[in-house]
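# turn this into a model:
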Amino acid sequence: MRKLALTLNLTQLVQGATRVPDVDSHTPNCLDLLLTTDPDRYSVSISAPLGSSDHCLVKSVSVYSPPDPSPRGTRRMWRYRSADWDGMRSFFACYPWQPTCFSSEDASSCADAVTDVLRQGMEYYIPFSDVSVSGGARPWFSAECGRANALKRAAYRAWVDSRTRNSLDVSEKKKAFNRAAKSCKKVMQRARFDHISRIGNKLASYPAGSKAFWSLARSVESNFCRPSLPPLLRPDGSLAHTAEEKANLFASLFAESSRLDSGDASPPAAPDGGETSQADVVRLVAFEVEVVELYVVDAVVIEVHMMKLDVMNLAVMRLYVVKLDVVEFNVVRSMLWSDVVELV
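Numbers count the residues shown, from 1 in each chain. As a prediction, the model looks like this:
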């Protein structure tokens, strides 16, 4: 491999050991080959192993890579069921709209001011929390897990530094890292178990069949891999659970229902599914939703579900009677619309 790399002018980017042996007599070595003809384009880092693995975490990033499009930061989640709607009504009813929001003749400034008041009222009277929008959120990861993980990383860096300097305490540093890694694993396992226990206790405290019960149950169920097909019922009354059992059941069912050997006979007609269409189902559900419609000057309809903030009518109407040209009017309408929809 060395001769091949020299012949093709390849450079090995991973320079440190990537395997951490469990036996003291074994020597750490590099198990990762990352060869390139342009080493300046990549940045490589080696971190402590994850969990009980004996292989280090190797990260390679191209300096010319496009920015990661995945969402970052936090998202604000509003708990509308716990909101103080009466307090919000009083807040908006007593707010000095004219001097605060409509002292300027610029429609965009007025819209920004109304938006700030809306958000202020929401923050005062609607409980909220900021949650991470990244896919790596771990609700069970407690402060104790963070401390244990930090100790593990520090022990790993101390061992790597000692090995790089050929210090006499390499063996002690290695043992310290092994202890920190095992301790970190135990802490995280205990944190996961405690988190699952809390969810189970919370689920048991809800009335069986209630909305809160099923909401939490579906949330928990979504964290597990589920087959796309539910268990199938066999003719003898037993259930087919595995993929092979389901495939065999489908094969026997299709073989019994097949009409391929019937000459030129037409396939059997599909059973009549009735006259209920998807549109009828949607219409029935829509009629059950309580909706209050607020009509504003330009015929924009703001649908406020399950709440009656009629005290906002005056502020919204006042904003829309500001004299605007067509372009500016549409821009302001879209700005205000997005904030009112978020409040809804």
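
# got the buried residues for stretch 33-41?
Using 16 or more other Cβ atoms under 10 Å as the burial criterion, the residues of stretch 33-41 that qualify are Leu34. Backbone N, C-alpha and C define where each C-beta goes, glycine included.

# for that stretch, measure first residue to last.
Chord length of stretch 33-41, first to last residue, is 16 Å (Cα to Cα, to the nearest Å).

# and for that stretch, what are the contacting residues?
Residues from elsewhere that reach stretch 33-41, judged by Cβ atoms under 8 Å, 6 or more residues apart in numbering: 1, 5, 8-14, 42, 44, 58, 60, 62-64.

# relative to Met188, which of those residues is nearest.
Relative to Met188, the closest of the contacts of stretch 33-41 is Val58; by Cβ to Cβ it sits at 21.4 Å.

# could you report the neighbour count for that closest one?
By other Cβ atoms under 10 Å, 17 other residues sit near Val58.

# please enumerate the helices of the chain.
Using DSSP state H, the helices found in the chain span residues 2-7, 85-94, 97-101, 107-125, 143-164, 170-205, 211-221, 243-257, 278-287, 313-320, 326-343.

# show me which of the contacts of stretch 33-41 are buried.
Judged by 16+ other Cβ under 10 Å, buried ones among the contacts of stretch 33-41: Leu10, Gln12, Leu13, Val14, Tyr42, Val44, Val58.

# the last one - nearest residue in space that isn't next to it in sequence?
The spatially closest residue to Val58, leaving aside those adjacent along the chain, is Asp32, at 5.3 Å (Cβ to Cβ, 6 or more residues apart in numbering).

# ok, that neighbour - how many residues close by?
Using other Cβ under 10 Å, Asp32 has 17 neighbouring residues.

# what's the spacing between it and Asp106?
Asp32 sits at a distance of 60 Å from Asp106 (criterion: Cβ to Cβ, to the nearest Å).

# now Met88
Distance from Met88 to Asp106, by Cβ to Cβ: 27 Å.

# ok, now Ala176?
Per Cβ to Cβ, Ala176 is found 65 Å from Asp106.

# and those two? which has more neighbours close in?
Taking neighbours as other Cβ under 10 Å, Ala176 and Asp106 compare with Ala176 leading, 18 against 12.

# I'd say that one and Ala154 touch.
No. Taking Cβ atoms under 8 Å as the definition, Ala176 is not a contact partner of Ala154, at 9.6 Å.
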